[in-house]
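Student: Kindly return the folded structure for what I paste below:
(one chain, ligands or ions: 2)
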Amino acid sequence: MPTTLPRRYYADADYYRTELDEIPEAGDYFTRSLVDDSLIVTRNSAGGIQALFNVCRHRGTRLCDQAGGRFVDRIQCPYHAWTYDLSGRLLAAPHMPPDFNKEDHGLHHAACTEWGGHIFICFGSSPALPELPDFRQYQMEDLRLGRRIVYDVGANWKLIVSNFNECLHCPTLHPVLNRLHHYNDAANVPATASYCGGALAFKPGVETMSVDGKRRRPFLPGLCETERHHVAYYTIYPNLLLSLHPDYMMTHTLWPRAHDRTEIICEWHFHRDEIVNGDFVMDDAVEFWDQTNREDWWISEQSQRGIQSRAYEPGPYSEREELLWAFDHIVRDGE
Ligand code: FES
Ligand SMILES: [Fe+2]
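Tutor: Numbers count the residues shown, from 1 in each chain. Ligands and ions are numbered 1, 2, ... in the order given. As a prediction, the model looks like this:
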C-alpha cells in the first residue's frame with residue numbers, strides 16, 4: 001500500500017539543505033533556454049555539472065520539456081528512445097546497424113563553469129570564465145536558495161541592466177529604498193569588460209535591505225566591518241545582477257525573450273546553517289526587494305515605450321551615469 005514519505009523528508013535538516021541546492025544529486029537538472037536553444041544543466045554520476053544541448057542526436061527532437069527535475073540515471077528521448085548517460089554519452093540507439101558508432105553521437109556540450117556556487121553557461125563557444133571580482137569572503141557557495149520569484153517584464157534586457165547600474169532614480173522611484181541608502185554615495189570599482197559595480201553604504205541605523213532596515217539574520221561569516229554596513233551591487237555581464245548584503249545574497253538573472261521582453265529570475269539566498277534554523281525568516285528581505293523590483297520593472301517598461309516612439313533620440317548622460325556609458329561601449333563593441 002502506498003505510504004507517506006519517511007520522516008527525514010520533512011524533519012531532517014540535512015535533507016532540507018539538499019532540497020534547497022538546485023541540483024545537489026546526480027541526475028538533478030534544470031533547463032534554460034535562449035531564443036531557439038535549450039540547455040539541460042545536470043549533475044553527472046561523478047558529481048560534475050555540465051550543460052547539454054537539449055537536442056537528440058537521432059532526429060533532433062527536444063529531449064526534455066520540463067523546467068527541472070531528476071533523471072533516474074539516464075536521459076531518454078521520448079521519440080525513439082535513444083538513451084544517454086548523465087554526461088551526454090549515447091548508451092542505446094535502437095535499430096541502428098551494428099557498425100553504427102555510438103561514441104560519435106553523444107549530446108552536444110555547452111561551456112559550463114562554476115564560480116562561488118553560481119553556474120555560468122555559455123550557449124556559444126566561449127569556454128572560459130572572464131575575470132570576476134573577488135568575493136571569496138562572502139563564501140557564496142555556502143548560501144542556499146530561500147525564495148525565487150520570476151517576473152515577465154516588457155522591456156529590453158539592456159534597459160534592465162542600465163536601471164540596475166545606477167541609483168540616481170532611487171529618490172523618485174524607490175521611496176522605501178531611499179530611506180536605507182544614500183543614493184549618491186556609490187563607491188564603484190573601475191568597470192571592466194566583464195563586470196561593473198560597487199558598494200552602497202547604509203544610512204545611520206540601517207542594518208540591511210529589508211522592509212524596515214532591520215537585520216533579522218546573523219552576518220554572513222567572514223565579512224569585515226565595512227562589508228557589514230553596505231551592499232555590494234555588481235553586474236556580471238551579460239545577465240547576472242548580484243547583490244551581496246551583510247546577511248544574504250540576491251541574484252537576478254535576465255533571460256531575453258524578445259527585443260522588448262525579458263524574463264527575470266530573482267532569487268534570495270541565505271546561509272545554509274541559517275535557513276534551517278527554527279527562527280529563520282526571510283519575508284522582510286523578499287517583500288522589500290519584490291516591491292523595489294516591481295518599481296524598477298515598471299520604469300523599465302516606461303523606458304521601452306518611450307524609446308520605441310519616433311520622437312526618441314539618444315540623450316545625454318550625466319557624469320554620475322558612467323557605468324551606463326561603459327555598458328553602452330560593451331554593447332557597441334559586440335556589434
Ligand atoms: S529523435 Fe530522439 S530518438 Fe529519435
Ligand atoms: Fe531601481
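Student: In which helix or strand does Asp247 reside?
Tutor: Assigned by DSSP states H and E, Asp247 belongs to neither a helix nor a strand.
Student: so which strand or helix has the closest residue to it other than its chain neighbours?
Tutor: Computed as CB to CB, 6 or more residues apart in numbering, the closest residue to Asp247 that is not its neighbour in sequence is Arg217, at 4.2 Å. Placement of C-beta: from N, CA and C, glycine included. Mapping Arg217 onto the secondary structure by DSSP H and E places it in no helix or strand at all.
Student: so what's the backbone phi/psi at Arg217?
Tutor: phi -130, psi 150 (degrees, to the nearest 10).
Student: dump the residue contacts of it.
Tutor: Shown in contact with Arg217 (CB atoms under 8 Å, 6 or more residues apart in numbering): Asp247, Tyr248, Phe270, His271, Glu274, Phe280, Val281, Met282.
Student: does the third one really touch Leu143, like I thought?
Tutor: Yes - Phe270 is within contact range of Leu143, at 6.2 Å (criterion: CB atoms under 8 Å).
Student: Now for these two: what residues contact both?
Tutor: Tyr248, Met249.
Student: and this protein, which residues reach ligand 1?
Tutor: The chain has residues Cys56, His58, Arg59, Thr61, Cys77, Tyr79, His80, Ala81, Trp82 near ligand 1, with proximity defined as CB under 6 Å from any ligand atom.
Student: For those, which single residue is the most surrounded?
Tutor: For the residues of the chain next to ligand 1, the largest number of neighbours (other CB atoms under 10 Å) sits with Trp82, at 23 neighbours.
Student: Look up phi and psi at that residue.
Tutor: The phi/psi pair for Trp82 (degrees, to the nearest 10) reads phi -60, psi 140.
Student: quick revisit: list just the nearest of the contacts of Arg217 to ligand 1.
Tutor: Proximity to ligand 1 was ranked across the contacts of Arg217 by CB to the nearest ligand atom; first place goes to Phe270, at 40.5 Å.
Student: what's the helix or strand in which the closest one is found packed up against?
Tutor: Secondary structure from DSSP H and E places Phe270 in strand 261-271. The contact analysis (3 or more CB pairs under 8 Å, 6 or more residues apart in numbering; DSSP states H and E) places strand 261-271 against strand 143-153, helix 157-164, strand 249-258, helix 283-308.
Student: looking at the ones you listed, which is buried most?
Tutor: For the helices and strands packed on strand 261-271, average neighbour numbers computed from mean count of other CB atoms under 10 Å are highest in helix 157-164, which has a mean of 22.
Student: How far off centre is that helix?
Tutor: Between the centre of helix 157-164 and the centre of its host chain there is 15 Å, according to CA atoms, centre = their mean, to the nearest Å.
Student: orientation of it relative to strand 143-153 in degrees?
Tutor: Angular relation of helix 157-164 and strand 143-153 on a 0 to 180 degree scale: 120 degrees, by axes from the mean of the first three to the mean of the last three CA atoms, to 10 degrees.
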